[in-house]
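In: I need the structure of the sequence given here:
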Amino acid sequence: MAFGITRCGIHSFHETLGIDSDKLRFYWVLQSDLEDAQQTAYRVELSTSSNFEHALWDSGKVDSDQQRNVLCAPDGGFLSASFHYWRVTVWDQDEQTSQSSPNEFFTAYPRSSGLLPPYSMNQTYMPHTSLIFRSWFEDEQNRWKGVWIGDNGDKPLYMRKALHLAQKPSRAIVFASGLGHFNFVCNGDPKAAHGHVLDPGWTNYHRTVQFVAYDVSDMLKEGENVLGAHVGNGFYAGDQGDDRFFWPCYEDNTYVRYGNELSFFAEIHLFYEDGRRDTITTGPDWRLRKSATTLANIYSSETKDLRAYPTGWDTPGFREDGQWKNATPVTGPRGKLKYQNQPPVVLHETFEPISQKQLESSLATFDFGQNMTTMIKIEVSGPAGSEVIVRFSETVGDDGKVFMPDPLFKQFEHGVFCKFTLAGSGVEIWEPDFCFTAARYIQVEGVSLEEGKSLPVVHSLTSRHVSSAARRLGYVKTDKEDVNALIKMCYWSFVSNLFSYHTDCPQIEKFGWLEVTHLLAPSTQYIRDMESLYTKILDDIVDAQEPNGLCPTMAPEIRYMCGPLHDTITWGGAVALLPEILRFYYGSTQTFEKLFEPCVRYMEYIRTKERDGGLVEHGLGDWGRDIAFGNNQANIETAIYYRCLRNIQRMAHELGRSEDERRFREWADRIYAVYNERLLVTDKTLHPYAFYTSRDEPGKQDRNMVAQAFALQFDLVPREHVADVQRAFLADCADAGNRIQAGEIGLKYLWNTLADVDRPDIVLEMARQEEHPSYMRFIRQGETTLNEFWQDACRSKSHDMLGTIYEWFYNAVLGLKPETEAYKTWTVKPPLKSEFKHVEGSVECPYGKIEIEYERDEEGCDVRMKVTVPTSTTGFLLLPSDSSSVSIRRIREGRTDDGASETGSRIALKAGRYYLHLNP
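Out: Numbers count the residues shown, from 1 in each chain. As a prediction, this is how the structure comes out:
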């Protein structure tokens, strides 16, 4: 066999049980032990049978080395609610073939273009209108069949459906959605949800409602079965309760809701060996009752009475009492159903407390040693009716009690807690159903840590990290413990902000601020597969776009912010920045067709904000410098504008829209010219080199590191001035005493520029400052995640927006950087000028795993590396000069080559594993 086909997938879909698109793009990953092995052709076959007897689409043999972004769009589309199978055959340079195993996906209704049928109105209140909906009901195979059900209320619900099956189905797929969130169960087994929590993803429910698909083939049985759902509020119908915090409150204590009725929807598709199939849907025959959880507040405030829990409600044989009643068909949300394509939210690592204290007779605190997003689990025993309160915090006060300081929203300090009442049935378990927060410390009130104190006793408390299930990709580690602590701090800040959207604040706000998506993308792509999540975020942006073309600063948008907090290109520009990120890092152009027009509309809106011929300076500037300084607006916002225009130009080229490509090229060229006309200073009277000035003080020319970094990183510097602007950048660093002079926006480009000029010493000096701005200051203060601003005392201590230095650790310390799409070619530049003696790390890139280990002796004379290059890629070792040399020994099965020496500044490494001995 020429190749091993190690992994296949569908771009932009993490799971594939509810595909609702008629255009898919496939990819596959190859592995070979031969360094010269390359794919020369491929064939993709699509069928509705796993033995491929019934062909639905066939690419035929295509002479190409393409392994990603392979378009599949059958005439007439995919079949609705059906299993599909695809496989790929590849040819190598010797015409040998390899074939993948069948890959399965299940479709929903790709051509269902309307909302769910308005069951309650059409069938209940207006039965005489059936002819109006005739066309809908005639298209039986392509339409949704279930209805939204509920009890017309806004408190959490249990819903169940008992069904008798005369025969066990061979396959059973469930489509379901419950708003705001729901927990799905089958025959009492929560494994039916496949580890998902907080389903479905948060969206603008007026436009889009995500549904989730579950495979319960192994859980249904012949005879009695029960399908169940526990539905809570989420953001859909936020519930403040009588005494809890809810962030989007306005001055009159009202807050935004998408809807006022909790609702649930499901279709269960059953398939039998004899070819029969059946569909069971939600309707008035489902039964429901109020939940024992009476408050489900997304801001980590729940109330539950364990005495009211109907044990066994989700299992066969349960006997309903008088609280159960038939479900009511409800209007439901306005948004169209769309498959949850992004990774689900799941539980990851479990942490035990590193210390626990009984601070008062009925108050205990637990320290888990790591701040993280969490859904805790606590085991308590005590008398029936005993109330236990749980509080969460990233900090503790001088008295040792949890404390979440927030000068803006004082209610957050005391109005976030969970409360549960014991049933008195022995050791009882409580865990949140529908909420999460960021916390290192947990405080439990009304309990004792010891028996015999006439109080409920805590038997165990664990913190379970909750985050996106996005595939884990890589790590990096050095021989400097303070640097490793910073790397770990950034990592936990990132993964604690990835859910069905990318937030920058998982406790106080929980909002989908958009600047972190593109600023942190080059960092996060080293550690998580972000393609499907960013694809979903782009859908959120399109849903949030306003009629005049403005893309707001957050998506989904639950609260209208004012001024630049609503309208800033550094945030809204994600609409044009993320598609290019997906192309470059993942080789996917799937979003281009859908995003092109929204991008054009946004640029046309931004054009109305131009000043002095093309500068944009009406946003937040370098947000986060000196808390919210707002400086360098013209430099930052015009550069983002320019990058967006270039990205749309590329998008137009990909889509074959030549006239639009010309238009955006000319538009971008104009902004380039204006940027340099207005901001580039070349007269050399103030400094003996060209530099960029800000417009922070009209009439005054300044020279700051952010202005130089933006011009350099956005390819805005005329070639003849690049060396001058780099000199200006380093001069400003020196004048600042190598202290960070940047907020969250400029920070990324500061690190990128220091990587380009190969000055790791400046990066580490900046990071290690004793006072803020300083990363190591956070660590010295005992933080394990990043603060919101360069401050010791911050209201949020799990912000990721300052974490862009993480990218520098990978591309300038580990030395790994993608060069062309999806790492088809990549570079490894050993950190010869750094203080590091040993660095190791790996990244599972789209073509396979890259592994790098770097080691040098104390004198820096003996430099050795181990490098693994995946099949289908080429790695280029970058050395200081054309006279540099390296001894290369390839590791083969059971032996190592004698090796060969090569000389040069750029040395190609074909697929394989290598020992390298450098003579730089």
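
In: model confidence over stretch 327-344, on average?
Out: Stretch 327-344 shows a mean pLDDT of 93.

In: got the end-to-end distance for it?
Out: Across its full length, stretch 327-344 reaches 28 Å between end residues, using Cα to Cα, to the nearest Å.

In: what's the answer for stretch 565-583, then?
Out: With Cα to Cα as the measure, stretch 565-583 spans 29 Å from end to end.

In: now do stretch 544-563
Out: Span of stretch 544-563 from end to end, Cα to Cα: 16 Å.

In: residues of it that come out buried?
Out: Across stretch 544-563, burial judged by 16 or more other Cβ atoms under 10 Å covers 544-545, 549-558. For glycine as for every other residue, the C-beta is placed from the backbone atoms N, C-alpha and C.

In: Name the nearest of the residues you listed relative to D215.
Out: P556 (28.1 Å; Cβ to Cβ).

In: gap between the nearest residue to the closest one once chain neighbours are set aside and V256?
Out: Excluding the flanking residues, the one nearest P556 by Cβ to Cβ, 6 or more residues apart in numbering is N204, at 4.7 Å. Distance, N204 to V256, using Cβ to Cβ, to the nearest Å: 11 Å.

In: How about L754?
Out: Applying Cβ to Cβ to L754 and V256 gives a distance of 42 Å.

In: again with R464
Out: For R464, the distance to V256 equals 29 Å [Cβ to Cβ].

In: Compare neighbour counts for those two and give me the winner.
Out: Neighbours per residue (other Cβ atoms under 10 Å) separate R464 from V256, with R464 holding more: 20 against 14.

In: For that one, give the beta-bridge partners.
Out: Here R464 sits in beta bridges with T350, going by DSSP bridges.

In: Now do the same contact list for it.
Out: 347-351, 374-377 (Cβ atoms under 8 Å, 6 or more residues apart in numbering).

In: cutoff 10 Å now
Out: Contact partners of R464, counting by Cβ atoms under 10 Å, 6 or more residues apart in numbering, are 197, 346-351, 372-377, 431-432, 436.

In: Out of those residues, which is nearest to L520?
Out: T373 (15.9 Å).

In: Spatially, and excluding backbone neighbours, which residue is closest to the closest one.
Out: S496 is the one closest to T373 (Cβ to Cβ, 6+ apart), at 4.2 Å.

In: so that neighbour makes contact with S798?
Out: Yes: the pair S496 and S798 qualifies as a contact (Cβ atoms under 10 Å) at a distance of 5.1 Å.

In: what sits in contact with each of those two?
Out: In contact with both S496 and S798: 371-373, 437-438, 503, 505-507, 785-786, using Cβ under 10 Å, 6+ apart.

In: Buried among those? Need that as a selection in ChimeraX.
Out: Filtering those down to the buried ones (16+ other Cβ under 10 Å) takes a single ChimeraX command:
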select :371,372,373,437,438,503,505,506,507,785,786
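
In: Spell out which two among the shared contacts of S496 and S798 are the most distant pair, please.
Out: Most distant of the shared contacts of S496 and S798, by Cβ to Cβ, are T437 and L786, 16.5 Å apart.

In: just to revisit the earlier point, now for the residue nearest to T373: which residues touch it?
Out: Counted by Cβ under 10 Å, 6+ apart, S496 has contacts 370-374, 436-438, 465-467, 503, 505-507, 785-786, 798-800.

In: cool, C186 as well?
Out: So C186 contacts 172, 174, 192-193, 214, 216, 218-220, 225-228, 268, 314-315 (Cβ under 10 Å, 6+ apart).

In: Now restrict these to buried residues only.
Out: For those, a burial check counting by 16+ other Cβ under 10 Å picks out 172, 174, 192-193, 214, 216, 219-220, 225-228, 268, 314-315.

In: show me where the stretch 801-920 of the chain has strands.
Out: Secondary structure of the stretch 801-920 of the chain (DSSP state E, counting those that start in this stretch): strands at 816-818, 825-828, 838-845, 848-856, 863-869, 874-878, 885-892, 895-896, 900-903, 906-909, 912-919.

In: Just want the angle from the last one to strand 885-892.
Out: What that stands for is strand 912-919. 160 degrees (axes from the mean of the first three to the mean of the last three Cα atoms, to 10 degrees).

In: pLDDT below threshold where in the protein?
Out: 1, 113-138, 248-254, 628 (pLDDT under 70).

In: Could you break it into its assigned domains?
Out: 4-106, 145-342, 347-468, 481-814, 822-919 (automatic domain parsing).

In: Could you give the separation between the terminal residues of the shortest one?
Out: From the first residue to the last, domain 822-919 extends over 30 Å; the measure is Cα to Cα.

In: Might you calculate how far it sits from the centre of the chain?
Out: Chain-centre distance of domain 822-919: 31 Å, with Cα atoms, centre = their mean, to the nearest Å.

In: Pipe the shared contacts of S496 and S798 into a markdown table and attach secondary structure and distance to I805 per row.
Out: A markdown table is the format used below for the shared contacts of S496 and S798 (DSSP: H, G, I helix; E, B strand; the rest coil; distance: Cβ to Cβ, whole Å):
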| residue | secondary structure | distance to I805 |
| --- | --- | --- |
| N371 | strand | 18 |
| M372 | strand | 20 |
| T373 | strand | 21 |
| T437 | strand | 26 |
| A438 | strand | 20 |
| T503 | coil | 20 |
| C505 | coil | 19 |
| P506 | coil | 20 |
| Q507 | coil | 23 |
| T785 | coil | 14 |
| L786 | coil | 10 |
